[in-house]
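Student: Sequence first, predicted model second:
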Amino acid sequence: MRADNTAVARSGAAVAGVASPGAVYDAALRAPGSTLLARQHGQWRALRVDQWLGPASAADESVLSRCHGPALDVGCGPGRLVAALAARGIPVLGIDIAPFAVLLTRRSGASALCRDVFGPLPGAGRWCEALLVDGNIGIGGDPRRLLNRIALLLAPDGTVLVELDPPGAPTGPYWTRLAAAGLVSAPLRWAGVGVDGITGLAAASGFDVAETWRAAGRHFARLVRAGDAL
């Protein structure tokens, strides 16, 4: 932990102790304007907490415009995408394992449940879109397992809208830590998927890449069932 603590201290976050990843994430959401850091491949990087807490952005809109519903936002966080879709009258449900994030989503007037994507969920086999935005393709550290699970949740003609890392970024699992409000988390298994890595990963889970696009410096893809019309 010493090297990690030094890196966090240099970033301006005082270190007071070790907590669960969920507790560190919760602490960042409870303090708007705070810095949430994640350690990836030996480097600390700042995550977009204020953007998660704010309204949907222009880049988010490029995802939302591809949703007709019912949509499932996996790892919805404080719910900006769920709220934006609900405001348009599109049926949508957010799920997240962080209770405070789910509370914030509900406060926005949208529907959310405190659930794990790998556990029981309502509407299995009937969701038209599944959203994996803000790096949530990395949930669990095994993107193939996650996409296999998403395939079971989607309707036969359902699509996956996924945010990716830039071209050239590595695809694969890694251990990370979160840091905020003077806390550094215990290790958390996560994964990154770059634009270059999504085609093979999608194919291994029964999907084709229908399109990729870039919006405001962020990268996205739309996945459809293998063999469906693109």
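Tutor: That came through fine. A quick note: this is a predicted structure, and the numbers were derived from the prediction, not measured.
Student: May I have the beta-bridge partners of residue 132?
Tutor: residue 162 (DSSP bridges).
Student: So it sits against residue 162, correct?
Tutor: Yes - between residue 132 and residue 162 there is a contact under CB atoms under 8 Å: 4.3 Å. All C-beta spots, glycine's among them, are computed from the backbone N, C-alpha and C.
Student: what is the mean pLDDT for stretch 121-140?
Tutor: Across stretch 121-140, the average pLDDT comes to 97.
Student: how close does the residue nearest the centre of the chain sit to residue 171?
Tutor: With distances taken as CA atoms, centre = their mean, residue 136 lies nearest the centre of the chain, 2.5 Å away. Applying CB to CB, to the nearest Å, the value for residue 136 to residue 171 is 15 Å.
Student: and what of residue 111?
Tutor: Residue 111 is 32 Å from residue 171, by CB to CB.
Student: Also residue 157?
Tutor: For residue 157 relative to residue 171 (CB to CB), the value is 27 Å.
Student: re earlier: setting aside sequence neighbours, what's the nearest residue to the residue nearest to the centre of the chain?
Tutor: Leaving aside its sequence neighbours, residue 136 sits nearest to residue 75 (CB to CB, 6 or more residues apart in numbering; 3.8 Å).
Student: List phi and psi for the one you found.
Tutor: phi 70, psi 50 (degrees, to the nearest 10).
Student: looking at it, it is touching residue 140, isn't it?
Tutor: No - the criterion here is CB under 8 Å, and residue 75 misses it with residue 140 at 10.3 Å.
Student: of these two, who's got more company?
Tutor: residue 75 (21 against 18; other CB atoms under 10 Å).
Student: what's the pLDDT at that one?
Tutor: pLDDT for residue 75: 97.
Student: same deal with residue 98?
Tutor: pLDDT, read off for residue 98, is 94.
Student: Could you report the neighbour count for it?
Tutor: Counted with other CB under 10 Å, residue 98 comes out at 20.
Student: Also the one 5 residues further on?
Tutor: When neighbours are defined as other CB under 10 Å, residue 103 has 15 of them.
Student: Now do the SS call for it.
Tutor: Of the three states, residue 103 takes helix according to DSSP: H, G, I helix; E, B strand; the rest coil.
Student: which residue packs closest to residue 196, ignoring adjacent ones?
Tutor: Nearest residue to residue 196 in three dimensions, chain neighbours excluded: residue 167, at 5.6 Å (CB to CB, 6+ apart).
Student: And the contacts of stretch 109-116?
Tutor: 76, 79, 82-83, 85-87, 92-99, 102, 105-106, 121-122 (CB atoms under 8 Å, 6 or more residues apart in numbering).
Student: how about 7 Å then?
Tutor: Residues from elsewhere that reach stretch 109-116 (CB atoms under 7 Å, 6 or more residues apart in numbering): 76, 79, 82-83, 86, 92-97, 99, 102, 105-106, 121.
Student: Select only the buried ones of the residues you listed in ChimeraX?
Tutor: Listed next is the ChimeraX selection for buried residues among the contacts of stretch 109-116, using 16 or more other CB atoms under 10 Å:
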select :76,79,82,83,86,92,93,94,95,96,97,102,105,106,121
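Student: Farthest-apart pair in the contacts of stretch 109-116, please.
Tutor: 86 and 97 (20.7 Å; CB to CB).
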